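**Q** just need the structure, nothing else, for what follows:
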Amino acid sequence: MPFKPFLLPLAMLISQAVWAQQAVPGTDRSVPNTLIKGQAPDGAYPFLVVTELTLPGCKGTGQTAEQEETHASIAESASRQMQLLTTNVEAGFKTEGCKRTDYYYVSDTLDLRSVMNIFYKDNYGAYPHSVSIRPDPGWKAYGSLLEAAGK
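**A** Numbers count the residues shown, from 1 in each chain. Take a look at the predicted model:
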């Protein structure tokens, strides 16, 4: 069943609340967007975009609540930027130490990597980051997030 583009912003707002409830500061975790579980995979979004961002000055033992909030805020800004470029579905995120990895499924990748790299460089230049894109029509990465979270 294809996603309805006009429903995505509402689903993303709701899913942000669901993710926030599951967050436990200072721990490594996988947090899938469980609202899309019954609809995945969606052939309209065959490409996986993976963004990684590391907080400078963070100790490798995990993040404080404030650092978690900073990561979430940056991820929200990146999501809004990506929404301007192409329709997408937020599949979830993973945290490991001081690094947050966000997973998005997109319909089109034209100029996406270069624009997102510019976005991170211009807005968060001191934060080590990466943007990778690969085909994942079966949404295997999303399945891995679900499995890692025990969902």
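
**Q** any chance you could map the strands in this structure?
**A** 29-32, 47-54, 88-96, 99-106, 129-135 (DSSP state E).

**Q** just put those in a markdown table and tack on distance to Glu66.
**A** All C-beta spots, glycine's among them, are computed from the backbone N, C-alpha and C. Shown next, in a markdown table, are these (distance: least, CB to CB, whole Å):
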| stretch | distance to Glu66 |
| --- | --- |
| strand 29-32 | 17 |
| strand 47-54 | 15 |
| strand 88-96 | 14 |
| strand 99-106 | 14 |
| strand 129-135 | 19 |
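
**Q** show me which helix runs longest in this protein.
**A** Longest helix in the chain by number of residues, with DSSP state H as the criterion: helix 65-85.

**Q** averaged pLDDT, that one. What do you get?
**A** Here helix 65-85 scores 91 as its mean pLDDT.

**Q** what comes up buried for that helix?
**A** Residues of helix 65-85 classed as buried by neighbour count (16 or more other CB atoms under 10 Å): Gln67, Glu68, Thr70, His71, Ala72, Ile74, Ala75, Ala78, Ser79, Met82, Leu85.

**Q** could I get the contacting residues of the spatially closest residue to Tyr120 that is not a sequence neighbour?
**A** Using CB to CB, 6 or more residues apart in numbering and skipping the chain neighbours, the partner closest in space to Tyr120 is His129 (4.4 Å). By CB atoms under 8 Å, 6 or more residues apart in numbering, His129 lies in contact with Thr51, Glu52, Leu53, Thr54, Asn117, Tyr120.

**Q** out of those residues, which is most surrounded?
**A** Compared across the contacts of His129, Thr51 has the highest neighbour count, 24 neighbours, by other CB atoms under 10 Å.

**Q** buried ones in stretch 102-120?
**A** Quick answer for stretch 102-120 (16+ other CB under 10 Å): Asp102, Tyr103, Tyr104, Tyr105, Val106, Ser107, Thr109, Leu112, Met116, Phe119, Tyr120.

**Q** now distance to Ala141 too, for the residues you listed, in TSV please.
**A** Compiled in TSV, these are given as follows (distance: CB to CB, whole Å):
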residue	distance to Ala141
Asp102	11
Tyr103	6
Tyr104	10
Tyr105	9
Val106	13
Ser107	16
Thr109	15
Leu112	16
Met116	17
Phe119	21
Tyr120	20
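
**Q** understood, closing this out.
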